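Asks: This is a predicted model, with the sequence first.
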Amino acid sequence: MCYADTATNPDGTATAFCYCGWTEEHPTPDAADTAADTHERATDAAEAAFAATR
């Protein structure tokens, strides 16, 4: 499971990041928040699919 978060940069852009090493730069904090949520959901889905094969 991933836990993504965001940080707003001094220039108003934002970085979405996760402890797994994933990062993305975005023009707005809202865009970064959406990306962080999407990253969490995608990794949850991948882990669930893997677990279903076990």
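Replies: It's in. Numbers count the residues shown, from 1 in each chain.
Asks: Show me which helix or strand of this protein is least confident by mean pLDDT.
Replies: helix 29-52 (a mean of 92; mean pLDDT, DSSP states H and E).
Asks: What is that helix packed up against?
Replies: Where contact means 3 or more CB pairs under 8 Å, 6 or more residues apart in numbering; DSSP states H and E, helix 29-52 is packed against strand 4-8, strand 14-18, strand 23-26. Using the backbone N, CA and C atoms, a C-beta is placed for each residue, glycine as well.
Asks: what distance separates that helix from the centre of its chain?
Replies: 6 Å (CA atoms, centre = their mean, to the nearest Å).
Asks: Can you check what angle separates it from strand 14-18?
Replies: 20 degrees (axes from the mean of the first three to the mean of the last three CA atoms, to 10 degrees).
Asks: Could I have the CA atoms of helix 29-52 written out in CSV?
Replies: Extracted in CSV, the C-alpha atoms of helix 29-52 (Å, rounded to 0.1, in the frame of the first residue of the first chain):
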residue,chain,number,x,y,z
PRO,A,29,-1.7,21.9,-5.5
ASP,A,30,-5.1,20.5,-6.7
ALA,A,31,-3.5,18.7,-9.6
ALA,A,32,-0.9,17.2,-7.3
ASP,A,33,-3.5,16.1,-4.9
THR,A,34,-5.4,14.4,-7.7
ALA,A,35,-2.3,12.7,-8.8
ALA,A,36,-1.5,11.5,-5.3
ASP,A,37,-5.0,10.0,-4.9
THR,A,38,-4.7,8.3,-8.3
HIS,A,39,-1.3,6.9,-7.3
GLU,A,40,-2.7,5.4,-4.1
ARG,A,41,-5.8,3.9,-5.9
ALA,A,42,-3.6,2.4,-8.7
THR,A,43,-1.2,0.7,-6.3
ASP,A,44,-4.1,-0.6,-4.2
ALA,A,45,-5.7,-2.1,-7.3
ALA,A,46,-2.4,-3.7,-8.4
GLU,A,47,-1.9,-5.2,-4.9
ALA,A,48,-5.5,-6.5,-4.8
ALA,A,49,-5.1,-8.1,-8.3
PHE,A,50,-1.8,-9.8,-7.2
ALA,A,51,-3.4,-11.0,-4.0
ALA,A,52,-6.3,-12.5,-5.9
